[in-house]
Each structure stands twice: as structure tokens, then as C-alpha cells.
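A.B. asks: Fold the stuff below for me.
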Amino acid sequence: MKTTTNNESRQRTRNQVNERNGVFRFMDRQIRELKAANRLRTAENYQQARSSLYQFLGGREISFRSLNEPLVESYNNYLVRRGLLRNTISFYMRIWRALYNKAVEQHLARRYHPFHHVYTGIDHTQKRAVSERTIIRLKALKLPEGSDLEFARDLFIFSYCTRGMSFVDIAYLRKSEVRSGMIRYTRKKTRQPLLICVEGPIRELVEKYSKRANSSPYLFPILPGEDPKSDYTHYRAALNRHNRLLQKLADMLPGKKPLSSYTARHSWASVARNLQIPLSVISAGLGHTSERTTEIYLSSLDHSVVDSANQRLLKRLK
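C.D. replies: I've put the predicted structure just below:
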């Protein structure tokens, strides 16, 4: 009888711990905070990782004590059996590792390394860059004025000319961030502030679309307004549509090189490297902050160095 009572007491304690500090409850709080901070893409990534582990566990809550090395390895094997790519599995593992470390900081989990034996790196993927010749041919395509294909082409060229500005940053780029001959914006992915000199094809596209989107705070007519949830929904739909249109444009070019929203960014870096622009300058131009050496260099790099490097690329498009 006493044993039964002790078991029931321990079970109640475990339930209370799970209710206060359960892994999924903690994850849900992080997702709410990300949404409140308008970091919707990161919140979506966290939601995907949550759903994956929740499905693996059959929909049950666990404590951080249970998120141990054997469970993580078992979860990893489950993802492998489901046929997920190694980069996708690593993506989930990095999210859960970051969450675990945050729980340690808040004294909800003990300092432990349950992700030590699973892969959390990034494999090299298929080359996404296209040649400078392909970029020039794409820019020169005769397309119906005001058509969706023309708009997709213009966004791609704008991305390439602005040192590979990502589609999400283009979509959320405000007219007020283009002033005094400069684009001043903050990368949504890294929160890195960037400056880009407005010249050549960049100026042409800025002037072209500033006139077309007079009623919107955004430079390009991609998002409908300023409601974060509505804008994000439209952004995701616009990104999918943009990539479909880029594939149609690719079919119109010799060799039918695959094009996507990432291609402009990779191509800018590839062409810059071929022009023997220093790697540190290329990294600064892309707004990379994940590498320690890049972060140190960015702190002392004059923006004119990056603009000078970009000028060399822009001149070659004329």
C-alpha cells in the first residue's frame, strides 16, 4: 500500500514538472515570443521541429530530463527511416539543441549534451549559381511589359545587383529604406544592418517600381499591407509563385539553367569570386555573420569597399 502511494506521489511530481517545464510547453512559449517579435519565419521553423518530435513521441509531453542522448539518437533514426535528407534532419536537431541550451540558461534543464552524437552540420548542396552570361541574357529578355514574368525577372536582377538580397528582404523592403542614394535595411535572417549604394540597374528598378506601388509602404508590390500575419501569408505564397515563374524564365534561356530565388545570391558570390574579390569582402557584401572571422572583419570594414566591389559587377551588366 505504501509502495503504491509512493509511486502515485512520484507520478504526480512528474506530471507537475511536465506541466510547468515540459519540453513542448517551453517550445510553445518560444514560438509565441517569436511571433510577437514578428520573427514569423523562425517561428514557422520552430513549429515544424515541434511537430516532428511531437509526432515521434506519439503526442506526449516530456521533461527536459527525458530529452537525453538515447532519445535524441532514437529520434534521429526515426527521421532517417522516414527518408528525410541529412540537412533536414540536421536542421531539426539544431533547433532542438538551441532550445535545450536556452532551457539550460533558464535553469529548466541541466547542462548536458544530448545532441553530441547526432549530425548538426550542413552538407554541401548542389551548385545553385549560374554564369554571368546567363544573368546578362536574363536581363536582356524581351518580356511583355507589366507581365508576371517581367516582374519575376526584375526581382531576380534586383536581388543579384543588391549583392544577393534575399526574397524575404526584397518583399519587406520599404520605400523609406531607400534614400539619399542608399538602401539601408536589416536582414531578417541575421538582423545584420546593411548598406547598398543605389546605382545602375538598381536605380532603374527602384525608379520603375516606386511609381507602380504608390499606395504601399513597400517598394515592390508583393505584400498587401502592414499586418504581420497577413503579410507573411502573402510572402510565402509570393515566394512559391516567384520560383515557379523563374523556372519558366529558365526555360526561355539557352541551356535551361535552373533558377530559383537563391540563385541570384549564389551567383553574385560566384561571379565576385571569379573577379578575385577577397572572400572577406564577399562575406561582408552578403551580410554573413555566422563565421567569427567575418564578424570581426565586418566591424572594421568600410562600406565603400563593398560598394566598390559591387560596382564592378554592375558595370558588367551594361
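A.B. asks: Let me know the secondary structure of Leu194.
C.D. replies: strand (DSSP: H, G, I helix; E, B strand; the rest coil).
A.B. asks: Do a quick rundown of the strands in this protein.
C.D. replies: 178-179, 182-186, 193-197 (DSSP state E).
A.B. asks: right, and those - which one's nearest Thr162?
C.D. replies: Closest to Thr162 of the strands of the chain is strand 193-197 (C-beta to C-beta; 5.2 Å). C-beta coordinates here come from the backbone N, C-alpha and C atoms, glycine included.
A.B. asks: Contacts for the closest one, please.
C.D. replies: 162-163, 165, 181-187, 202, 287, 303, 306-307, 310-311 (C-beta atoms under 8 Å, 6 or more residues apart in numbering).
A.B. asks: Just the buried residues of those.
C.D. replies: 162-163, 165, 183, 185, 187, 202, 287, 306-307, 310 (16 or more other C-beta atoms under 10 Å).
A.B. asks: Could you export the strands of the chain as CSV, including mean pLDDT and distance to Arg212?
C.D. replies: Output for the strands of the chain, formatted as CSV (pLDDT from 0 to 100; distance: least, C-beta to C-beta, whole Å):
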stretch, mean pLDDT, distance to Arg212
strand 178-179, 95, 14
strand 182-186, 95, 18
strand 193-197, 92, 21
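A.B. asks: so which of those gets nearest Asp227?
C.D. replies: Using C-beta to C-beta, the strands of the chain put strand 182-186 closest to Asp227, at 19.9 Å.
A.B. asks: Sheet partners, orientation included, of the closest one?
C.D. replies: Here strand 182-186 is paired, per DSSP bridges, with strand 178-179 (antiparallel), strand 193-197 (antiparallel).
A.B. asks: so which of those strands gets nearest Ser90?
C.D. replies: strand 193-197 (27.1 Å).
A.B. asks: Show me how far the closest one is from its chain's centre.
C.D. replies: Strand 193-197 has its C-alpha centroid displaced from the chain centroid by 18 Å (C-alpha atoms, centre = their mean, to the nearest Å).
A.B. asks: mind exporting that strand as PDB, just the C-alpha atoms?
C.D. replies: Backbone C-alpha positions of strand 193-197 (Å, rounded to 0.1, in the frame of the first residue of the first chain) are rendered in PDB as follows:
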ATOM      1  CA  PRO A 193      22.200  46.000 -40.900                       C
ATOM      2  CA  LEU A 194      23.300  46.500 -44.500                       C
ATOM      3  CA  LEU A 195      24.000  49.500 -46.700                       C
ATOM      4  CA  ILE A 196      23.800  49.300 -50.500                       C
ATOM      5  CA  CYS A 197      24.700  52.000 -53.000                       C
END
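A.B. asks: For it, list every residue counted as buried.
C.D. replies: For strand 193-197, by 16+ other C-beta under 10 Å, it's 194, 196-197.
A.B. asks: Excluding its own residues, what touches stretch 160-167? List them.
C.D. replies: 135, 155, 158-159, 170, 173, 183, 185, 187-189, 194, 196, 200-202, 205, 238-239, 242, 261, 264-269, 285-287, 306, 310, 313-314, 317.
A.B. asks: now stretch 241-259
C.D. replies: So stretch 241-259 is contacted by 128, 130-131, 134, 137-138, 141, 148-149, 151-153, 155-156, 167, 260-261, 263 (C-beta under 8 Å, 6+ apart).
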